[in-house]
Every structure is written in C-alpha cells, then in structure tokens.
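Engineer: just a sequence and a predicted model for now, questions to come.
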Amino acid sequence: MATISEILGVVQPESVFGLAQAEIDAIACHPSEVTGNNCLFVCINEYLEYNKWQTWRTHLESLSESGVAAVVAPEKIEGLDVPQLITPHPRRALGELSRLLNGYPDLYTRVFGVTGTNGKTTTTRMLAHMLNRLETACGSIGTLGIELEGRFSMPGTYTTPLAPQLYGQLKHMKTEGAEAVAMEVSSHGLSLERVEGIAFEGAILTNVERDHLDFHGTHEAYSEAKRQLFTRVRQSGLCVLNKESPFCDAFAKTASSTVITYGKDGSGADLELVDFELHPTKSLFTVKYKGETCSFETQLVGAFQIENAMSAITLLVGSGFSLGRIAEALVSFPSVCGRMERFTLPNGATAIVDYAHNPDGLKHVLENCRLLCKGRLHVVFGCGGDRDRGKRPLMGGLATDIADIAWITSDNPRTEDPDQIISEILTGCDSDQV
C-alpha cells in the first residue's frame, strides 16, 4: 500500500489535477488489469508484438468505467474525473511505481541480467542452476517462464515482463526464499523501460548480432539498447563482457561497475578458453583465470554453448567462487528445451532442435552440427512473418552453404503470405540444395 504522497515522490509529476488522499495498493497499464478502487493506472503506448502498437488513448472509454483511484499520463485527459499526475515519462513512472508497490524486491535479492542476441535463455538458466548448487537459492525469469528450483515454475508472456509483472515476480521470488534472480533482459525490455529502477548486481553480454531490426530500425540502435543494461549495474557489481565482441570496448566505457571479460586463448580476456572438445552428448573445455587452469564438462553440445558457459563462469568466479566449485556445479546442468536439444530418431539418425531464428544463431547451430555429423546434414527452417525481412536471404544462404540439404518451411507467418516469405529465403539459397 502506498499513499498519494509516496506516489508523488516517485513520479515527480510536472503537474497534478484533482489531487486526493487515496491509498494505492495496485498498478495497471491495461483496463483488464485494474483490480479495484485502489488501483493506479499508468497511460503508456503498448508494444503488442512485431511492429504492432496500441496507444493509451484506446483505453479511455474502458478507463472511465474501471473505477481507478488515479492515473499517470503524459498529458491531461479531459472528461476523466479522477486525480491525474502528468509526466513526460509515464513508462519510467510505471517501473518506479511497480518497484514501490512491491516493496523494492531488488534491494533484497541479487538480480543478475543477461542480454545478447543469442544465448540469453541458456545462460540465464545455467547461472541459476549453478548458483543453486553453490548454496545460493536463485530463481530465473525469461523466455521459458519463471522458476525457483524445487519451489515453483510457471510460464511467462514476454522474455522480459512488463514492469508490474516483473516486480511482482521478483517479490514472489523473495517471498519464496530466493537470494538471487537471474533474468533475461531483452533489447525490447530495455527500450521499453521494463527494468526501470532495478539495481542489478551483475550483467552479462553474450553477443550482439543482427536481430529485431523491425523494432529498432538499425543495428546501432539495437546494440545501444543492450548497452543500457551495463549502465544499470550497482557500483559494487560486475559487468561481464565478451572480449571478442566488436562492442566490448564501447560497452566497457559506459559500464557502471567493474568490467570482467571472457574470450579465447590469447584474447587478453580475464577468463580464457585454453582448449575444448566437442562430443555428440557433451562438451569438454579448459579455462584459465589468474594463472589457474580448470577443466569443465557440460551436457550442452556445441562451441557456442561453451561460450555461454564461460560467460556464466566469469560472473561466478568474479563474484568469489572457485573454479573447482563452479566446475562441480556445471556438470549437472541439463540441456535447455529447444536449445541444441538432441533426439535420436527411429532410424538411428540424430535430430537437433534449436530456437535459432536469426543468421548468427543459424550459422552457429549448423557449424556445430557439421562438426558432429558423420553423414549428411539436413536443415529444416523458416523465417517468421512481420519481422526483419533482410535476414531471410542471409539465412537461406547460410543453410545451403553449410548443410547438404535445406528444407524451407513456414515459421509463424503472422500477417504475411507464407509463400512470399519462402520466396525471399530462396533468393539467398543455392537451388541445388533445396
């Protein structure tokens, strides 16, 4: 519960109309989420999906009938007879108010953010798994939902939830005994200020490749969105960067805490990959940190999965855990649903299922499958509709360059013609292999 005075202190509105002394116990940004007369409504333009927006003005009729206690809006709403707090930054206010109403849960749990074009889900789940094995109760939030090992697991809606849901989940984690939370932080979540107010204990960058240009417009804007995460880490925390990423230096210059890096042998990174072996059911690798070397085994398959593991290891070793204990924690981490997930078919062939949906992801998956494949390599893939069209021929070219046979199919066309999407993929393909 928060008083109007507390609400004003957080929002710091430019102007106020119809100020009342109501107490607020809930917050919403859609009429369907209004829970009662003590609910505060924040007017924001909602990003629904794939270049589809809904403006807050479409809610006005429902809002008048919802019985909300007050609203936060970018401008005064005529004809709405409830107190109004006017601010040019309603999205920012939504985050800070959600934090207030949920009791500042990020101050009582260590929150670790993971961002990158690929590898967020695996790295987040892996980090949570290892922290649990290192006697730190850690939950996870991301594409596969929210989970606190051994206590609860539930599906989610967004990779990075909207602020009211996110802070509610952090509060639930804290109540259930979580000491830490590892969460995926998407470029959408950063651009739309869904993590506003969170004091991150640490942040990890896996990579920055081509993706989501339908939303961000340019690769530069996309990378800038991800960079914001590293300005949100508390001074006592850690910013973990991929030394071999072309964005490493730019991210490091604006990082708000100590930077620690990972990379290949000779890269000059703090944690270096000395050697590795890839097998059909596991990966073995050796790392070096401050003159000490340690061997690791993981059930994850593929060189890029070793990179994901190294990012999590770097955060943990930088936090004071020994390499030996981290190695013991990693070995029991299982494969993640839809991430280089391995199946044996009735005819003895091996099938790998992966979420790869952009050129970099597809390239890594196919290159690693090629290393493990003893026969012919087939790939079945498509491209989603209402997204970056420029990546379609790039993915088609990669498929036919690396695989022996490419099967082009439909992958959630949304509002587009599936045949048109396939035609655009085919412009980059070697027709003899399709």
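Structural biologist: That came through, no problem. Numbering: from 1, shown residues only.
Engineer: where does the prediction get shaky in the stretch 201-350 of the chain?
Structural biologist: Filtered on pLDDT under 70, the stretch 201-350 of the chain yields the residue ranges 210-217.
Engineer: now the strands for it?
Structural biologist: 233-242, 258-264, 271-278, 283-289, 292-298, 341-344, 350-353 (DSSP state E, counting those that start in this stretch).
Engineer: most packed of the ones you listed?
Structural biologist: By mean neighbour count, with neighbours taken as mean count of other Cβ atoms under 10 Å, strand 233-242 ranks first of the strands of the stretch 201-350 of the chain at a mean of 22. Where C-beta positions appear, they are placed from N, C-alpha and C, glycine not excepted.
Engineer: pull the CA atoms of that strand into PDB?
Structural biologist: Backbone C-alpha positions of strand 233-242 (Å, rounded to 0.1, in the frame of the first residue of the first chain) are rendered in PDB as follows:
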ATOM      1  CA  VAL A 233      24.700  -2.300 -12.500                       C
ATOM      2  CA  ARG A 234      25.400  -1.200  -9.000                       C
ATOM      3  CA  GLN A 235      29.000   0.000  -8.400                       C
ATOM      4  CA  SER A 236      29.800  -3.000  -6.300                       C
ATOM      5  CA  GLY A 237      28.700  -5.400  -9.000                       C
ATOM      6  CA  LEU A 238      30.200  -6.900 -12.200                       C
ATOM      7  CA  CYS A 239      29.800  -6.300 -15.900                       C
ATOM      8  CA  VAL A 240      30.700  -9.400 -17.800                       C
ATOM      9  CA  LEU A 241      31.600  -8.800 -21.500                       C
ATOM     10  CA  ASN A 242      32.700 -11.000 -24.400                       C
END
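Engineer: what packs against that strand?
Structural biologist: Secondary-structure packing of strand 233-242 (3 or more Cβ pairs under 8 Å, 6 or more residues apart in numbering; DSSP states H and E): strand 200-205, helix 248-254, strand 258-264, helix 303-318.
Engineer: the last one to strand 292-298, inter-axis angle?
Structural biologist: By that I understand helix 303-318. 130 degrees (axes from the mean of the first three to the mean of the last three Cα atoms, to 10 degrees).
Engineer: for helix 303-318, buried residues please.
Structural biologist: Buried residues in helix 303-318, counting neighbours by 16 or more other Cβ atoms under 10 Å, are found at 304-318.
Engineer: which single one of these is nearest to residue 384?
Structural biologist: Closest to residue 384 out of these is residue 304 (21.2 Å), distances taken as Cβ to Cβ.
Engineer: surely that closest one is in contact with residue 122?
Structural biologist: No. Judged on Cβ atoms under 8 Å, residue 304 makes no contact with residue 122 at a distance of 9.3 Å.
Engineer: quick one: end-to-end distance for stretch 318-325.
Structural biologist: Taking Cα to Cα, to the nearest Å, stretch 318-325 runs 13 Å from one end to the other.
Engineer: buried ones in it?
Structural biologist: In stretch 318-325, counting by 16+ other Cβ under 10 Å, buried: 318-319, 321, 323, 325.
Engineer: can you check stretch 415-425 too?
Structural biologist: Under the neighbour-count criterion of 16+ other Cβ under 10 Å, stretch 415-425 has 416, 421-422, 424-425 buried.
Engineer: in helices, which of these fall?
Structural biologist: Judged by DSSP state H, the buried residues of stretch 415-425 include 421-422, 424-425 as members of helices.
Engineer: tell me who's in contact with residue 132.
Structural biologist: Shown in contact with residue 132 (Cβ atoms under 8 Å, 6 or more residues apart in numbering): 138, 149.
Engineer: that one belongs to a helix?
Structural biologist: Yes. Counting by DSSP: H, G, I helix; E, B strand; the rest coil, one finds residue 132 located in a helix.
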